[in-house]
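Enquirer: Let me see the structure of the following:
(one chain, ligands or ions: 1)
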Amino acid sequence: MAKKVEPSKQSSRKSAGNSSRGLKTTLFGPSSKLVVGGLTLLLSVLLLFAFFSYLISGEADQSVVGSAFNAPLHDSGSKVQNWLGVTGAVIAHFFIFRWFGIGAFLLLPLLFVTGVKLTFAREIMPLKRLTYQVLFYMFWLSSLFGFLVMWTDSKANLSTLSGGIGLFINQFLYNLVGWGSIAIIAAALFVFVIYFYRVDSLEHVAEKVEGMKVPRPSIGNPLKNLFRELEEEEEPEPEKPAPPVKTETPKPAKRVVPVIIEEDLPEEEEEEILPEETDQELEEVSRLTEDARQVLARPVPRPVEPAYEPVVFEMPVVPAKPSRTAAKAEPDFIIETAPPEETRKPDPELDPEDRLQALGLYDPTLDLARYQFPSIDLLKEYPADKAQVTEEELKSKKDTIVRTLSDYGISIASIKATPGPTVTLYEIVPSAGVKISRIKSLEDDIALSLAALGIRIIAPMPGKGTIGIEVPNKNREMVSIRTVISSDKFQKSGAELPVVLGKTISNEIFVTDLAKMPHLLIAGATGQGKSVGMNVILASLLYKKHPAQLKFVLVDPKKVELSLFSKIERHFLAKLPGTDDAIITDTKKVIYTLNSLCVEMDSRYELLKNGGCRNLKEYNQKFVERRLNPEKGHRFLPYIVLVIDELADLMMTAGKEVETPIARLAQLARAIGIHLIVATQRPSVDIITGKIKANFPARLSFRVTQKVDSRTILDTSGADQLVGQGDMLFLQGSDMTRLQCAFVDTPEVDAICDYIGEQQGYPDAYLLPEFEGDEAGNEEKDVDLGQLDPMFKDAARLIVIHQQGSTSLIQRKMKLGYNRAGRIMDQLEATGIVGPFEGSKAREVLVQSEERLDEIFRELRL
Ligand SMILES: Nc1ncnc2c1ncn2[C@@H]1O[C@H](COP(=O)(O)OP(=O)(O)OP(=O)(O)O)[C@@H](O)[C@H]1O
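Expert: The predicted model follows:
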């Protein structure tokens, strides 16, 4: 008998280990960093007040502080003048008076930077270097002021400047070398500067001092910048006048100086993709769009042509940009010292290898650099559920099979049993002359004699020359998700989107790649394990992918199945702009979302085409290697996995409106990293239509109630003979595998989502392109020429210059949303600048020159 696993029982089986894990996660997890960081920031501000007020009222507080530890607290507290009371007075007294003097103020930026780093995971300056500097300058300033105090003999008034340590050091040095102590203090600074800032020549320092130059403002150390600036001055660009004065040093990202020759890449095949154009009739759906066809048909990835080389980002310190201060103070110097070759120097630097080395690979995960993948400890262990098939059971079943076959006159040469978690596979080699079809026809008789449901005969076993008989075990073994996720096979999987489904009937862990499927159709009668299966798939992806690499679009018409995942909205979910919930439950929104994904698909194809790549992997690889320029619209593209929990509901309520975009996505989206997982409990032909089925080569079936359902989903019977509770058949291409799905309980999914959700996320879910329904589109067709879009003129000029009537061109170049670009295109049509919509082709541009365009603007009084 199959062993039932009751979810309620399982939840109550939460061990003490789990709670200690929770405690560990709480204490050392990201939240603790946030708490410590926040407190450090607060401390830095409080100390600033305490120190500052000590400078004003320190003298008056001296006597109180002296007796603070002897007198009752409320007494000393009431007498003290420090803004932070007796605590502030005592702390400031120690740091300033007893120890470092006003050098103690340097501790505050150190605390602040540490606080920012812990709280926001952002290092505004290198913490380690800052710590060394703060420590050195604190002691050094204290010593210098100590010397001044001793020299001026004003210990009584000014010892706050140096603190006790400064005075002590100076007393010691004075005893040692007399007034020569100042030389030692100066030498200490000299040695520190030379070694710490790696100065190898004093020449530039002298020049700098002569030129009275001020180091440019920067968050870095001023001395360090001074030397960096001097380095830059050594490589000026003689042929160009000094560039316009800039107030800020450009950030590394802005310094990227792309020299892309994008004109080399054909743009004339861009398509018009207005909503009404994408929503074609079902017959049209099967046609590939031009872009997609081009991308898919491209035989091999184009080698990096010279035209692409410049796409690589510029090195941070390109000599073409003398700093603002250099331009102002020493322009002659810049012009005189640069040798003519200097202007051509960038050539060798354009080599992608060099630049890659200079800038390193682009890391898409940097935004959430502290993101921690969920740990295996969040998943439960089920030691008690490890049921083994006994030898006795194996033997008795073997005997029964052999007996039943011999009753029908079929003799067997050999028989071999392979026990799995749910079923045991008996492989028989029939004697010579036995017809396979005879054995197959005995399926029901064998089931009868074994008194077992779910017997499946595979005749012949592909590639084995045997006949397989799958017989369910008396006690089934539950395959826990912990076992499969922690397996080497999954952990070391090199798949793009690794998914571990469970175990095969020979007890092997089954890992597959969603990116290769490329879409998955799941069916199964109610209560057979579909939701568990989907959770296993989602959990496997969450265990292997960073939020920057993967986004889910979750459609849950049943409203409860996927709701647990709402916690990871800001990490892993994608949604339509302007919507509150990332998990879509409303049919109308499903239609918009599907169409929005189609828009995303089209724009991704365009990016791939422009980047000269055949698929998302190549594209992202090129982007990571900095061979694609973000300023030309290129960006790192995460995989998008669309999960539809119940297709039947949607097909019943929206029919073709959902079928069309699903079919379109399934047909085209594989190359650009959009993958579909669609589940249904009613695998009938009106739900899984021919159009949908044809585009889902990978299918997963849990137990279904009728043979005909099994045929609909798998094109063969078998799913009706499964035993339920995660017993399933996985069909990929022509390979069918029987699997026991791993089991993941709701509290486990909850724990994973909590773990991710508690970490720092993006400000919002990943936003899909805007899409509005047909009604909105039709309303906007009546163009009011009195109210043209503010970007109308720019868009018109863009279209005329490129001679290409494409909405996506406007979208991309002007960084506009899809709807707005579409509206502008309508206005361009209404003003006679472009022709009417021409299906999949770009619109004709009716204005040939900018002069003519200016005339039109004048006529329109623009
Ligand atoms: N892989 C599995 N291993 C063990 N038990 C399982 C497994 N999958 C499902 N079960 C059992 O079957 C029950 C029902 O599973 P599940 O909720 O996934 O069914 P379902 O097909 O999604 O049903 P519905 O369509 O009604 O939502 C689970 O509560 C669990 O007890």
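Enquirer: I figured residue 37 hits residue 117, correct?
Expert: Yes: here residue 37 reaches residue 117: they are 7.1 Å apart, a contact under C-beta atoms under 8 Å. For the C-beta atoms, the positions are set from N, CA and C on the backbone; glycine is no exception.
Enquirer: Low-confidence stretches in the protein?
Expert: Within the chain, the ranges that satisfy pLDDT under 70 run 1-30, 63, 66-78, 121-123, 198-359, 383-387, 772-782, 838-840.
Enquirer: Scan it for its longest helix.
Expert: Longest helix in the chain, counting residues (DSSP state H): helix 30-67.
Enquirer: gap between that helix and the chain center?
Expert: Taking the mean of its C-alpha atoms, helix 30-67 sits 39 Å from the chain's own mean (C-alpha atoms, centre = their mean, to the nearest Å).
Enquirer: Please renumber the chain so that the first residue is 20 from this point on.
Expert: Taking 20 as the first residue, the last one we looked at is helix 49-86.
Enquirer: Could you list the buried residues of that helix?
Expert: Neighbour counts over helix 49-86 (16 or more other C-beta atoms under 10 Å) mark 49, 52-53, 56, 59-60, 63, 65-67, 69-70, 72-73, 76-77, 80, 83-84 as buried.
Enquirer: before we move on, what about stretch 776-786?
Expert: 776, 778-781, 784-786.
Enquirer: Now secondary structure and distance to residue 487 too, for the residues you listed, in CSV please.
Expert: As requested, the buried residues of stretch 776-786 are exported to CSV (DSSP: H, G, I helix; E, B strand; the rest coil; distance: C-beta to C-beta, whole Å):
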residue, secondary structure, distance to residue 487
776, helix, 45
778, coil, 47
779, coil, 51
780, coil, 48
781, coil, 49
784, coil, 47
785, strand, 45
786, strand, 50
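Enquirer: now the strands for the stretch 470-619 of the chain?
Expert: 475-477, 486-491, 517-523, 528-532, 539-542, 569-574, 593-594 (DSSP state E, counting those that start in this stretch).
Enquirer: ranking the ones you listed by burial, who's on top?
Expert: Among the strands of the stretch 470-619 of the chain, ranked by average contacts under mean count of other C-beta atoms under 10 Å, first place goes to strand 539-542 (a mean of 28).
Enquirer: Mind giving me the packing neighbours of it?
Expert: Identification of packing neighbours for strand 539-542 by 3 or more C-beta pairs under 8 Å, 6 or more residues apart in numbering; DSSP states H and E yields helix 549-563, strand 693-699, strand 717-720, helix 726-733.
Enquirer: Give me the residues contacting the shortest one.
Expert: Just to be clear, that refers to strand 717-720. Residues from elsewhere that reach strand 717-720, judged by C-beta atoms under 8 Å, 6 or more residues apart in numbering: 520, 536-543, 552, 702, 729, 732-733, 737-738, 741, 747-751.
Enquirer: What strands line up against it, and which way round?
Expert: strand 539-542 (parallel), strand 746-751 (antiparallel) (DSSP bridges).
Enquirer: What of the second one?
Expert: Looking at strand 693-699 with DSSP bridges, its paired strands and their directions are strand 539-542 (parallel), strand 658-663 (parallel).
Enquirer: Save those strands as JSON lines, and put in distance to residue 166 too.
Expert: Formatted as JSON lines, those follow (distance: least, C-beta to C-beta, whole Å):
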{"stretch": "strand 539-542", "distance to residue 166": "76"}
{"stretch": "strand 658-663", "distance to residue 166": "64"}
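Enquirer: Distance to the ligand for the ones you listed - can I get that in TSV?
Expert: TSV is the format used below for those (distance: least, C-beta to the nearest ligand atom, whole Å):
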stretch	distance to the ligand
strand 539-542	9
strand 658-663	13
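Enquirer: And the contacts of stretch 840-854?
Expert: Counting by C-beta under 8 Å, 6+ apart, 291, 293-294, 796, 799-800, 802, 804, 807-808, 810-811, 814-815, 818-819, 824, 826-827, 829-830, 833, 835, 855-856, 862-866, 872, 875, 879 sit against stretch 840-854.
Enquirer: Of the residues you listed, which belong to helices?
Expert: Per DSSP H, those map to helices at 294, 796, 811, 814-815, 818-819, 826-827, 829-830, 833, 872, 875.
Enquirer: filter those down to the ones near the ligand?
Expert: The subset of the ones in helices among the contacts of stretch 840-854 within reach of the ligand, by C-beta under 6 Å from any ligand atom, is empty.
Enquirer: Would you mind measuring from residue 812 to residue 879?
Expert: According to C-beta to C-beta, to the nearest Å, residue 812 and residue 879 sit 9 Å apart.
Enquirer: before we move on, back to that, now, the most widely separated pair of the buried residues of stretch 776-786?
Expert: 778 and 786 (20.3 Å; C-beta to C-beta).
Enquirer: Could you report the neighbour count for residue 817?
Expert: 18 (other C-beta atoms under 10 Å).
Enquirer: Find the residue closest to it in space, skipping its chain neighbours.
Expert: Excluding its sequence neighbours, the residue lying closest to residue 817 (C-beta to C-beta, 6 or more residues apart in numbering) is residue 832, at 5.7 Å.
Enquirer: what number of residues lie near the nearest residue to residue 580 once chain neighbours are set aside?
Expert: Using C-beta to C-beta, 6+ apart and skipping the chain neighbours, the partner closest in space to residue 580 is residue 664 (4.8 Å). Using other C-beta under 10 Å, residue 664 has 26 other residues around it.
Enquirer: do the same with the one 5 residues further on
Expert: Taking other C-beta under 10 Å as the criterion, the count of residues near residue 669 is 24.
Enquirer: for it, what are its contacts?
Expert: Residues near residue 669 by C-beta under 8 Å, 6+ apart: 574, 576, 606, 609, 663, 677.
Enquirer: my read: the third one touches residue 575, true?
Expert: No: Residue 606 is beyond contact range of residue 575, at 11.6 Å (criterion: C-beta under 8 Å).
Enquirer: who in this structure is up against the ligand?
Expert: The chain has residues 24, 26, 497, 543, 545-551, 700, 744-745, 760, 762 near the ligand, with proximity defined as C-beta under 6 Å from any ligand atom.
Enquirer: Could you count how many residues lie near residue 730?
Expert: A count of neighbours around residue 730, defined by other C-beta under 10 Å, yields 17.
Enquirer: Leaving out chain neighbours, which residue sits closest to it?
Expert: Here the residue nearest residue 730, using C-beta to C-beta, 6+ apart, is residue 736, at 6.3 Å.
Enquirer: now residue 164
Expert: residue 181 (3.6 Å).
Enquirer: One more: residue 868?
Expert: residue 819 (7.3 Å).
Enquirer: so what's that neighbour up against?
Expert: If you count contacts by C-beta under 8 Å, 6+ apart, residue 819 has them with 852, 864, 866-869, 872.
Enquirer: Indicate the residue of the chain located nearest to the ligand.
Expert: Closest contact between the chain and the ligand, by C-beta to the nearest ligand atom, is at residue 745 (2.3 Å).
Enquirer: any idea how far that residue lies from residue 57?
Expert: Separation of residue 745 from residue 57 (C-beta to C-beta): 45 Å.
Enquirer: Kindly report the same for residue 732.
Expert: 53 Å.
Enquirer: ditto for residue 494
Expert: Distance from residue 494 to residue 57, counting by C-beta to C-beta: 53 Å.
Enquirer: Tell me the bridge partners for the residue lying closest to residue 424 once chain neighbours are set aside.
Expert: Distances taken as C-beta to C-beta, 6+ apart place residue 431 nearest to residue 424, at 6.2 Å, with adjacent residues excluded. On the basis of DSSP bridges, residue 431 takes part in beta bridges with residue 449.
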